[in-house]
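Here is a sequence together with a model predicted from it:
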Amino acid sequence: MKPSKFARFLVAIVLVTLFAATTCTTAQQNASPKPLVFAQGADPRGLDPAYVDDGESAKILVNICDTLVRYAPESTELKPSLARDWSLDSSGTIWTFHLREDVVFHDGTKFNAEAVKFSVDRQLAPNRTSDMPYASFTFGPVDHVEVVDEYTVRFHLKEPYTPFLSNLAMAVAAPIVSPAAAAKYGDKLMQNPVGTGPFRFVRWDKGQQIVLERNASYWGDLPKITKLIFLFRRDESTRVSELLVGDSDIIDGISPAMVDVLKRSGMSIISSPGMNINYFGFICSGPPFDNPTVRKAITMAIQRDTLVGHLYRGIAQLANGPVPPFILENTSGTQPYKYNLEKAKELLTEAGLGHGFRFTILAYVNPRPYNPLGGERLATAIQADLRQLGIETDIRVIPWKDYRNAVFEAEPGTAFVYGWVGDNGDADNFLSLFESKEITSSLNKAKYSNSEVDALLQEGRLTTDPTRRQQIYSRIQEIIVEEAPWVFLSHSQVLVAHRPEVKDFVVHPTGVIFFKNARK
Amino acid sequence: MLKYILRRLSQIFPVVFGVTALVMFLLRVSTPDPGALIVGQRAGGQQLTALRADLGLDLPWYRQFCNFIYGVVTGDWGQSYMTKTPVLPELLDRAAATIELSLLTMAVSLAFGILLGTIGAVTKNKLWSWLIAAGTSLGLSIPGFGLSLLLVTGFGVTMRLVPVAGRVGFELAPTHHTGLLVLDSLFTRNWSALVSVIHHLLLPTLTLSIPTGAIIARITRLSLLEVVSHDYIRTARAKGLRSKTVVYKHALRNGLPPVLATIGIQWSRLLSGAMVVETVFAWPGLGLLLVDAVQSGDFPIIQGIVLITAFAYTVVSLVVDVLCALTLPAVRYI
Amino acid sequence: MARLGIGIYGARSTAIWLAATLVVITIAICAPWLAPCDPYEAHLERALLGPSREHWFGTDEYGRDVFSRIVHGARISLRAGFVSVSTSCGIGTVLGGLAGYFGGKTDGFIMRLMDGIMAIPSLVLAAAVLAVLGTGLENGITAVSLVLIPDYARTIRARVTAIRNAQYIEAARSLGNSELRIVGRHILPNTAPLIITRAAAGMSTAIVDTAALGFLGLGATAPTAEWGAMLAGARTYAFLSPHLLLFPGLAITVTGLSFNLLGDALSKALIPPQNLS
């Protein structure tokens, strides 16, 4: 090629690309009707509810699949969904559900008791596989499922367990999938979900987007938007710029500093309390932290409100106990020990540690849902407060994958930062973290043991009367707050930003968004 | 010729075997326990033990190694811990995005690199020569992530001239045939998609082309300078041939093969750069997948990407070598 | 050749680029005295300020002084560069020297191993290594060291092979000099200029690669004042406070460029042209 020709060729390329750049905007405007676009941080693990446990999957699944019961929009109170109503027999082990009769799956097959049995049976032994993250929790209490008639299904539990009903509203494991589709796709159900929900699955371009469309034969009110797109954008800046430009309508995963920027640009912000707890725990199985007075003293030395305010700046709310406020059986009444350095010093002297002492704080590296800053920075802030009390601490930072084990094997006299993301929205789910029998399962990280708490927890599982349950869980929380095996720090919030013209979607405390009624 | 290809092939197999062994070694050294990754906080010890057995991680290392090699050979590269999808199809799906980006980048870089390198070598204008030398040095040193951030902030976020993320406007995606969206939209005559695809390609290609183009320009310049200093060029000039003819007929013909011979290694460098660029532009290729996989600890995917890039590199260098050898007699003796 | 590369190459430019890198090194060493503020101390009330007289490079999202962070970042980056270059250069020189000096099977084995490493794109390999070791700055430096080895090994091998067969080595051998003495007196000194040149250029690669890992979230992470990690953190605030992108970006570019050009200049100054190709 002669140089002059070559140069002309280059000029042509440049012109074509410039032309493309200018025409593209017009081309995009012609597409109609405009879908609703939601941008989240990552692809879901998959869309078969039996095999996933992550928030990104849950956000998509709740719009494709339904559960027998569902949560109320702003709490974890249970409402009818695929089940019209339900009852529990006097033994407390047999739950009977009467199902809606007007429901079909996206593939046209009928939703009935057999479908419910199928969705559960595949997660029960012997069908349960070792890579199902939630089967053993969600359906662990189930002995077997009985089809009574076409639209009545019975769950036989191994023993009475009231919180089981909450399990059936979970975004993972619990959703009912089409048996025909599961047979057809097998492992590939992860990429081809078929449920009964307001939106049906159209396409998944890995790393880019998932496209859903309105389920025209939805059993509830027909969704108002015809197309729903989930974009995957790992960087917050990308999500924010696309929202500002109008390429997306709703985004989540926003840092505190961005909130003001978005507001100033005319975007709306929704914040909802999250179903989690961020805490600083003591290994209570030996001295000095087996002594409640020492734990109390340290709690009093930590300025929880300043710490939470400064570290998380509006993306977390101060915790007053282990259970997030929107859970029905929470005790907004409990009040952990207030910051009081003088009193703390007195208490330490009383416990024989007036000369001060030294201990190790374990901290994880990575950010967690309940602590977007990562454990190290939280531990550093706590360390600074404890220094005021004359206590020196060594922070040992451990990668997340080894952390569970490290805390489990930690010697008495060690403290740690940790957190918990709730599964089913029942108070038992948070408070059983203090049960003696969960020490061996490593869920009771603090190795806290109190026979009264154990007995109350057991009673709560057998009780169905809401008022009595309320009393039981209030009592447990009072004990826990008084005994202070943890310093309760914060509940991180679910933050969502959206363009003002988008309305009526529901941001739920569990972190998912229901687009059923969304309008644009 | 056949002998040459066979010799090159015999050199490639040890490399591929070495890479496979290296990957396996990495896997063994770390003995990753994927339990927490796959089943989360909820699962008990019993389930974790069962999971290890199901994944074959409780076998002795040599059995694992054999299983791994057998799988690689038969096309079963295992299953992603995170998504349960088979690794190889998943990688091939993602590779399309990376291939489209890197092919275009390579074409642009070769065009500009050779052009600038040639000008740099033959120009009598000291300013031009200096500018090109300085430009290539800068192009080589400016970090890809800094450059892509600068471009995306300037052109994407502030001026809003180009999209900031993705491969194509989401409502425009053309029907999937090859995975290369430029071709797909051409085949389906989906012009608005084609425009959108090109629009999305602009910035990532530009970012990646700057370092690659710079190094090609530098190699071209050095190679041409060396050829020009050779006797036969002097002879040609002495014979009174016009300077342009000398350069384009003799010098380029002999000076370019060394440049083209480095395409393999350039491609490997380019893939490194692509990892960063894909992350910045949310470009759904192998690089983005790798960053995610490392952060989540999805070992089968990481192994797969290491293997697939090593294979790709060896194949590309073989093809380039063979092509050079076929077209240019001089190379045969290298 | 020198007549074509004006200013960029040659003895005078060696001095210029050497001076530039010395400035960066000085900044790194004197960081605690140069930095006006603690690079980690947050002052939320003055977050995201633009450059001013108190804060030359402005402040970041936690109100930390960006200038102080950049200055401290020079320490981290240069240390990363020195550690990974000395490690990889050391290992690479030994491997390349062995391969070149002994040839035959040793050569074949070592060079095939190097080919294997080179077959994987450097950042891909570094990322895989980090997946095994766990992410973080120190492991990032280790990963970068590993990735750089083949470059040194190949260069040194080529040079040693050339020297080994040179006439004066034959002469030394025939005079009854021991192998050790030949290596020590003739071969090592002859490779020294090459090693120095490659090490200078390698600093650039190592610094930029370490920063790239930090940027990808695989190397240094927040709150470490590492340039790559700072850039990654600044992304979120790109359109609020572009200075957060500008200064770390400039710091990496200038440092990378200085070492790169120092390498170029050294190679022109130290190595006779016939050994270049």
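It's in.

And for the residue of the stretch 301-450 of chain A found nearest chain C, the neighbour number?
Scanning the stretch 301-450 of chain A for proximity to chain C using CB to the nearest CB identifies A:Pro399 as nearest, at 4.9 Å. Backbone N, C-alpha and C define where each C-beta goes, glycine included. Neighbour count of A:Pro399, defined by other CB atoms under 10 Å in any protein chain shown: 15.

For the closest residue in space to C:Ala131 that isn't next to it in sequence, the count of nearby residues, please.
Counting by CB to CB, 6 or more residues apart in numbering or on different chains, C:Ala131 lies nearest to B:Val294, which is 4.4 Å off, once chain neighbours are set aside. Applying the criterion other CB under 10 Å, we find 25 residues in the vicinity of B:Val294.

Show me the residue at the heart of chain A, geometrically.
A:Thr510 (4.8 Å; CA atoms, centre = their mean).

returning to what we had before: for the residue of the stretch 301-450 of chain A closest to chain C, give its distance to A:Thr380.
Plainly put, A:Pro399 is 17 Å away from A:Thr380 if you go by CB to CB, to the nearest Å.

try C:Ala143
As defined by CB to CB, C:Ala143 lies at a distance of 27 Å from A:Thr380.

Neighbour count: the two, which is higher?
Neighbours around C:Ala143 and A:Thr380, counted as other CB under 10 Å, are more numerous at C:Ala143. The numbers are 28 against 17.

So which bits of the stretch 151-300 of chain B are right by chain C?
Taking CB under 8 Å from any CB of the partner chain, the part of the stretch 151-300 of chain B that reaches chain C is made up of B:152-153, B:157-158, B:225-226, B:265, B:268-273, B:275-276, B:279, B:287, B:290-291, B:293-295, B:297, B:299.

A:Ser57: what's its closest spatial neighbour, skipping adjacent residues?
Setting aside the residues directly before and after it, A:Ser57 is nearest to A:Pro44 in space (CB to CB, 6+ apart), at 3.6 Å.

nope, A:Tyr185 is what I meant
Excluding the flanking residues, the one nearest A:Tyr185 by CB to CB, 6+ apart is A:Asn192, at 4.9 Å.

Just confirm that neighbour contacts A:Ala180, I think it does.
No. At 11.8 Å, A:Asn192 does not count as touching A:Ala180 under the criterion of CB atoms under 8 Å.

which residues sit against stretch B:105-114?
Where contact means CB atoms under 8 Å, 6 or more residues apart in numbering or on different chains, the residues beyond stretch B:105-114 that reach it are A:6, A:10, B:205, B:208-209, B:212-217, B:219-220, B:256, B:259, B:263, B:266-267, B:270.

In the stretch 1-150 of chain B, what residue lies closest to chain C?
Residue of the stretch 1-150 of chain B nearest chain C, by CB to the nearest CB: B:Gly18 (3.2 Å).

Assign that residue to helix, strand or coil.
For B:Gly18, the assignment made with DSSP: H, G, I helix; E, B strand; the rest coil gives helix.

Show me which residues of the stretch 201-350 of chain A sit near chain B.
The stretch 201-350 of chain A comes close to chain B at residues A:205-209, A:211, A:229, A:231-235, A:237-238, A:241-242, A:245, A:247, as judged by CB under 8 Å from any CB.

I'd like to know which of the residues you listed are buried.
Among these, those scoring as buried are A:205-209, A:211, A:229, A:231-235, A:237-238, A:241-242, A:247 (criterion: 16 or more other CB atoms under 10 Å in any protein chain shown).

quick one: low-confidence ranges for the chain?
As the question left the chain open, I've gone with chain A. Along chain A, the model assigns pLDDT under 70 to residues A:1-32, A:331-332.

The chain in question should be chain C.
Using pLDDT under 70, the flagged stretches of chain C are C:1-10, C:44, C:222, C:271-277.

Tell me which residue in it sits closest to chain B.
Distances between chain C and chain B by CB to the nearest CB are smallest at C:Gly116, namely 3.2 Å.

And for that residue, the neighbour number?
Residues within reach of C:Gly116, counting by other CB under 10 Å, total 22.

Equivalent analysis for C:Asp60, please.
When counting by other CB under 10 Å, one arrives at 26 neighbours for C:Asp60.

Residues of the stretch 101-250 of chain C that sit close to chain B?
Taking CB under 8 Å from any CB as the criterion, the neighbours of chain B within the stretch 101-250 of chain C are C:112-113, C:115-125, C:127-133, C:135, C:204, C:208, C:211-212, C:215-218, C:228, C:231-232, C:235, C:238-239, C:242, C:245, C:248-249.

And the residue nearest to A:Ser57, its phi and psi?
Dihedral angles phi and psi of A:Pro44 (degrees, to the nearest 10) take the values phi -70, psi 160.

Please verify my assumption that it contacts A:Val62.
No. Using CB under 8 Å as the test, A:Pro44 is too far from A:Val62 to be in contact (11.4 Å).

higher neighbour count, those two?
Per other CB under 10 Å, whichever of A:Pro44 and A:Val62 has more neighbours is A:Val62, with 29 against 23.

ok, that one touching A:Val507?
No. With contacts counted by CB under 8 Å, A:Val62 stays clear of A:Val507, the gap being 11.7 Å.

Please enumerate the shared neighbours of these two.
Shared contacts of A:Val62 and A:Val507 (CB under 8 Å, 6+ apart): A:Ile513.

The stretch 1-150 of chain C: helices as residue ranges?
Residue ranges of the helices in the stretch 1-150 of chain C, as given by DSSP state H, counting those that start in this stretch, are C:11-29, C:31-34, C:66-102, C:104-119, C:122-133, C:137-164.

Just name the most buried of the ones you listed.
Most buried of the helices of the stretch 1-150 of chain C by mean neighbour count (mean count of other CB atoms under 10 Å in any protein chain shown) is helix C:122-133; its value is a mean of 25.

Tell me how many other residues crowd residue 195.
No chain was given, so I picked chain A. The criterion is other CB under 10 Å. On that basis, A:Gly195 has 28 neighbouring residues.

switch to chain B, that's the one I care about
24.

from the chain's centre, how far out does the helix or strand containing it sit?
Using DSSP states H and E, B:Val195 falls within helix B:191-228. Between the centre of helix B:191-228 and the centre of its chain there are 13 Å (CA atoms, centre = their mean, to the nearest Å).

do that helix and chain A meet at all?
Yes. Judged by CB under 8 Å from any CB, helix B:191-228 and chain A are in contact via B:Ser192, B:Val195, B:Ser196, B:Ile198, B:His199, B:Leu202.

how near is the fifth one to chain C?
Counting by CB to the nearest CB, to the nearest Å, the gap from B:His199 to chain C is 20 Å.

Can you tell me the closest non-neighbouring residue to A:Glu438?
The shortest distance from A:Glu438 to any non-neighbouring residue, by CB to CB, 6+ apart, is to A:Asn444 (3.9 Å).

Now do the same contact list for the one you found.
With contacts defined as CB under 8 Å, 6+ apart, the neighbours of A:Asn444 are A:Leu433, A:Phe434, A:Glu435, A:Ser436, A:Glu438.

Now restrict those to buried residues only.
For these, a burial check counting by 16+ other CB under 10 Å picks out A:Leu433, A:Phe434, A:Glu435, A:Glu438.

got the contact list for the first one?
If you count contacts by CB under 8 Å, 6+ apart, A:Leu433 has them with A:Pro322, A:Trp420, A:Leu443, A:Asn444, A:Lys445.

Likewise for the second one?
A:Phe434 makes contact with A:Pro322, A:Asn444, A:Ala446, A:Tyr448, A:Asn450, A:Val453, A:Leu457, A:Ile476, A:Ile480, A:Pro485, according to CB under 8 Å, 6+ apart.
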